[in-house]
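Q: here are the coordinates; sequence isn't available:
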Ligand code: PEP
């Protein structure tokens, strides 16, 4: 049995006041939610989030991390620092990092390895662009993204990780993948990893991300290989996010 996991990616949004209200409303309404819930705020809000969520069952994590050990890397945040602030998870390879900051599959694989070496569970984002989908390259692109990580840490690395399938064309666009399309891709990912280790693949939680809302979450999460979601925009609205969490059973 895989326990579904819903993670909120606040991206570069929020202030101390906004975060305080959002967290209060979320926490007050989480009763009965069965999924594991994770909040990934901007780095600067992590201490506040950690303090507020410490006495709840909601976990927290980073949106990115440095592949380097602490040292002279201006502007970066080390995995150790996230762990020191009580993070359990860290997103790696979000499509915005890949496209806006030129992160390659190899760089992301190094971040994945560093997260695990420091006791964080990486949430590895993979996904194809619209052009890649239209050229029929989806499976090839996802395979390359996964293979880079397998080369870095081995298939065993996926025993303590989460994968988020996030088609780039669905992120922040309002265009959600249909539940059938999501299932087809999630099944492909699990089958591909199962060729290396069936048990690891079977236990791996694969989230769907891309314009998930309260209105479409239940259908998406109802598919057998969809184990929850990575939620961007909707994670900034407490009622919407809680409804999404509730839909993951
Ligand atoms: C994301 O940023 O990971 C994401 C899925 O965003 P949205 O839900 O806004 O599409």
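A: Everything's here; your move. No experiment lies behind these values; they were computed from the predicted model shown.
Q: the ligand contacts on this structure?
A: Residues of the chain found near the ligand (Cβ under 6 Å from any ligand atom) are 9, 166, 171-172, 209-212, 230-234. (Each C-beta comes from the backbone N, C-alpha and C, glycine too.)
Q: and with 8 Å instead?
A: Residues of the chain lying near the ligand by Cβ under 8 Å from any ligand atom: 9, 11, 91, 94-96, 125, 164, 166, 170-173, 209-212, 229-235.
Q: ok, the residue of the chain at minimum distance from the ligand - contacts?
A: Closest to the ligand within the chain is residue 232: 2.1 Å, counting by Cβ to the nearest ligand atom. Going by Cβ atoms under 8 Å, 6 or more residues apart in numbering, residue 232 touches 9, 11, 171-172, 209.
Q: now do the SS call for the residue of the chain positioned farthest from its centre.
A: Relative to the centre of the chain, and counting by Cα atoms, centre = their mean, the farthest-placed residue is residue 72 at 27.8 Å. Three-state assignment for residue 72 (DSSP: H, G, I helix; E, B strand; the rest coil): coil.
Q: can you pull out the helices in the protein?
A: Applying DSSP state H to the chain gives helices spanning 16-28, 46-53, 79-84, 95-100, 105-117, 130-134, 138-153, 179-194, 198-203, 214-221, 238-247.
Q: make a markdown table out of those helices and add distance to residue 37.
A: Shown next, in a markdown table, are the helices of the chain (distance: least, Cβ to Cβ, whole Å):
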| stretch | distance to residue 37 |
| --- | --- |
| helix 16-28 | 8 |
| helix 46-53 | 9 |
| helix 79-84 | 18 |
| helix 95-100 | 22 |
| helix 105-117 | 19 |
| helix 130-134 | 30 |
| helix 138-153 | 25 |
| helix 179-194 | 20 |
| helix 198-203 | 19 |
| helix 214-221 | 13 |
| helix 238-247 | 5 |
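Q: mean neighbour count and mean pLDDT for those - can I get that in JSON lines?
A: Below are these laid out as JSON lines (neighbours: other Cβ atoms under 10 Å; pLDDT from 0 to 100):
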{"stretch": "helix 16-28", "mean neighbour count": "16", "mean pLDDT": "98"}
{"stretch": "helix 46-53", "mean neighbour count": "18", "mean pLDDT": "98"}
{"stretch": "helix 79-84", "mean neighbour count": "19", "mean pLDDT": "98"}
{"stretch": "helix 95-100", "mean neighbour count": "17", "mean pLDDT": "97"}
{"stretch": "helix 105-117", "mean neighbour count": "21", "mean pLDDT": "98"}
{"stretch": "helix 130-134", "mean neighbour count": "14", "mean pLDDT": "96"}
{"stretch": "helix 138-153", "mean neighbour count": "18", "mean pLDDT": "98"}
{"stretch": "helix 179-194", "mean neighbour count": "18", "mean pLDDT": "98"}
{"stretch": "helix 198-203", "mean neighbour count": "14", "mean pLDDT": "98"}
{"stretch": "helix 214-221", "mean neighbour count": "19", "mean pLDDT": "98"}
{"stretch": "helix 238-247", "mean neighbour count": "22", "mean pLDDT": "98"}
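Q: please consider this matter closed, and thank you.
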